[in-house]
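Visitor: Need coordinates for the below:
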Amino acid sequence: MRQLNGLACKIRLGAVCSVFLIAFICAGSACADDVTYVSSIHWTEVRDVQVVGDYAYCAFINGLVILDVSDEANPSFVSKLYFTGGGQGIYVQDTLAYLADGGAGLIIINVKNPADPDSVGSCNTVGDAYDVFVQDTIAYVAAHGNGLAIIGMSDPARPNLLKIHNTPGSAYAVFVEDSLAYVADYEAGLQIVNVKDPNNPAPVGSHDTPGTARGVFVQDSLAYVADYTSGLHIFNVKDPSDPDSVAIYDTPGWALDVFAEDTLAFVADGYNGLRVVSVNDPTNPHLVGTHNTPQSALRLCVVGNSVFVADGNSGLQIVGVSSPASPTLVGSYDTPEYAYEVFVQDSLAYVANGSGLQIVLVSDPDNPDSTCTYDAVGTAYGLFVRDTLAFVAAASNGLHIVGVGDPYHPSPVGSYNTPEYSYDVYVQDDIAYVADANGGLQIFDVSDPTNPDSIGSFPVPSVAYDVFVQDSLAYVADRDSGLQIVNIKDPGNPSFVGGLDTPGKAYCVFVQDTLAYIADQTGGLRIIGVSDPANPNLVGSYSGTNARGVFVQDSLAYVADYYAGLRVIRVTDPANPQLVSSCNTPGHGLGVFVAGEQVYVADQYSLILLTNPYYTAVREIDDGETRPSGFVLFQNYPNPFNPTTSIEFLLSESGRVKIEIFNILGQRVRTLVDEHLKPGHKLVDWDGKDDRGKEVSSGIYLYRIATEEFSEAKKMLLLK
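Guide: Prediction:
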């Protein structure tokens, strides 16, 4: 948070992310060894910013975003890098950006070309990295519970942790001037540390504050401390061994950061925005001007007559202060809205978020590409995609049906304004079932998607959050009343079958065979037997998760955990579920979808792509023939089968291969393979389940292989 040659300044909050985007993403213990981060899309909650020349470097909750601010009235996007640590603080010096990345420590990024930033190195700071300040070849990191971490940066690719200096509180921010480090140490106020010898830092002086110190800036022997609930605290540090309290200016909000320039102090005051305070007489600070930002001012920096505010979920706000008494908005760059749920079909991920329906091309998981956001539906909480139609639960705007045949140009098809607040939707045959909050279960005939017709409804005791349909039963996650089971054999006349209350709040339900899996918030994962739907019974539970979403496949429950990202729980023995893997994502896990070798997590702040270590991939058959002479699809075996069968095929050329299962009506049931394969003799299994993990009924099915050069289909018989 200082000016560098009149061109750069910084604002701080805490931490950014990991290194070497894929290979080292778990360096901060974010993921188990078997679950690895692949990539993500979206970015929200800007927490810190530093401006250098024409560029604003923004630390956001899962990485770094670089904006062009040469035209402050119209800032534009330049580039981004995703990490999983949870972006908190940033410092830019020369061609390197230093990101404080929570549990992943300090990340170093080459920004010589702002359009193509590249990870260089990282260093574990032991404590969560909340802020960073760089002087010469030393980086000083506010490492929260572990105090001040001092890191040698003579070789940025191999940063060296020199020393951890424990402070009495929790280090939130650091400012270095000459040979002194000033630490905003939360409950322990201001701490001053001598860092003349970085290998042997020594405490010099300290002063408690009435609030909790969150930010610090030093100018002309005065230390300005953003003291949270107690506003701005000014100290005389001419004698650093005995800092003297000069004055306190109590702001109306939460003082989170401060930047001083000449006779003015600029305070990021949380939900009260920007406060401009005159410190011409430091013993008598007084308010000069204010500007309310849309969200929460977390950090700020000043360049010339502009204040750049990291405003949380409202992104970057640029405020003109040529007249300090009348700060005015110059420009802004808003971030995308929250991601609530994700649905994957073929090589497209459909994301329900605060801006509507976002469609993301994920054929290359390392580089997901957002095709567009369809915002005509308003806020989207849930969705279900079938072929070329997306059914969107659009909160107060009810049910919307969107044509997605061209994912770059989605178009409105039909809609119905439900009585309450649509949270989720499930489509079976030509019927759409909507979890409509206090409106319970709403049922629509969508055989004509341009004109959805309300044909039935069923009230639930609490708030309908989610719905899953299997055969003639609808399973409703009913927030305060747990699981509600509704008979929908006659959709126009639904009736109550049974229910079971859960200890937490039921947010999501997934049904497989005779078990219902409930994401029960603080109640964790609840597994309920529904073989007798009139008398559902608790079979087992896993309490070590704050569950918001659940997807079950191959005896594994993938749980979106609000605080811990993704939890993978083995449910082979449903009475004794066991945690087998996890990955701590930077945001809050709200929804999860499993498709092939990828796990997609709606992480509130972004869509996260993770590798699925439990995916049964296409297997090679070693028959001594490295390159077959042609393309061949063999008859499955066994046939008839129950429930698993194997499909063999020969490929003579490399290319993308798709193998799909269709029912006798020609409706796609499952996509088994959709990936680039090398030539050879291959085999893949089908377990008799559809894309949502539900067992299909007995009957004749078609399996079809398609490449650029070859297409063939064969019949098979599932006989139970």
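Visitor: Residue 544 contacts residue 524, doesn't it?
Guide: Yes. Here residue 544 reaches residue 524: they are 6.5 Å apart, a contact under Cβ atoms under 8 Å. Backbone N, C-alpha and C define where each C-beta goes, glycine included.
Visitor: Looking at these two now, which is surrounded by more residues?
Guide: Set side by side, residue 544 and residue 524 show more neighbours around residue 524, with 23 against 16, by other Cβ atoms under 10 Å.
Visitor: what about the nearest residue to the more buried one once chain neighbours are set aside, how many residues close to it?
Guide: Closest residue to residue 524 apart from its sequence neighbours, by Cβ to Cβ, 6 or more residues apart in numbering: residue 543 at 4.1 Å. Look at residue 543: counted by other Cβ under 10 Å, it has 15 neighbours.
Visitor: gap between residue 543 and residue 295?
Guide: In this view, residue 543 and residue 295 are 34 Å apart by Cβ to Cβ, to the nearest Å.
Visitor: Also residue 698?
Guide: Distance, residue 698 to residue 295, by Cβ to Cβ: 55 Å.
Visitor: Please, where are all the helices along the protein?
Guide: Applying DSSP state H to the chain gives no helices.
Visitor: Point out where it drops to low pLDDT.
Guide: Across the chain, the ranges flagged by pLDDT under 70 are 1-44, 84, 335-337, 554, 605, 616, 624-628, 691-693.
Visitor: Going by the annotation, which residue ranges form each domain of it?
Guide: 8-333, 339-611, 619-718 (automatic domain parsing).
Visitor: Between the two ends of stretch 486-505, how far is it?
Guide: 19 Å (Cα to Cα, to the nearest Å).
Visitor: Now that stretch: buried residues?
Guide: Judged by neighbour count using 16 or more other Cβ atoms under 10 Å, the buried positions of stretch 486-505 are 486, 487, 488, 491, 494, 497, 498, 499, 500, 502, 504, 505.
Visitor: Adding distance to residue 217, write the residues you listed out as TSV.
Guide: As requested, those are exported to TSV (distance: Cβ to Cβ, whole Å):
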residue	distance to residue 217
486	59
487	65
488	62
491	64
494	62
497	63
498	62
499	57
500	56
502	49
504	43
505	42
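Visitor: Farthest pair within those residues?
Guide: Checking the buried residues of stretch 486-505 against each other with Cβ to Cβ, the farthest-apart pair comes out as 491 and 504, at 29.9 Å.
Visitor: Now do the strands in the stretch 1-150 of the chain.
Guide: Taking DSSP state E, counting those that start in this stretch as the test, the strands found in the stretch 1-150 of the chain are 8-10, 37-41, 46-52, 55-60, 63-68, 76-82, 89-93, 96-100, 106-110, 118-123, 131-135, 138-142, 148-152.
Visitor: between those strands, which gets nearest to residue 579?
Guide: That would be strand 37-41 among these, by Cβ to Cβ, at 18.7 Å.
Visitor: Skip the chain neighbours and tell me the closest residue to the spatially most central residue of the chain.
Guide: Nearest to the geometric centre of the chain sits residue 603, at 2.9 Å (Cα atoms, centre = their mean). Of all residues not flanking residue 603 in the chain, residue 587 sits nearest, at 3.9 Å (Cβ to Cβ, 6+ apart).
Visitor: Check residue 648 too.
Guide: Closest residue to residue 648 apart from its sequence neighbours, by Cβ to Cβ, 6+ apart: residue 634 at 4.2 Å.
Visitor: residues in contact with that neighbour?
Guide: 647, 648, 649 (Cβ atoms under 8 Å, 6 or more residues apart in numbering).
Visitor: Could you double-check that residue 469 sits in contact with residue 435?
Guide: No. Counting by Cβ under 8 Å, residue 469 stays clear of residue 435, with 11.0 Å between them.
Visitor: These two: which is more packed in?
Guide: Shown here are residue 469 and residue 435; by other Cβ under 10 Å, residue 435 has more neighbours (33 against 22).
Visitor: Sounds good, over and out.
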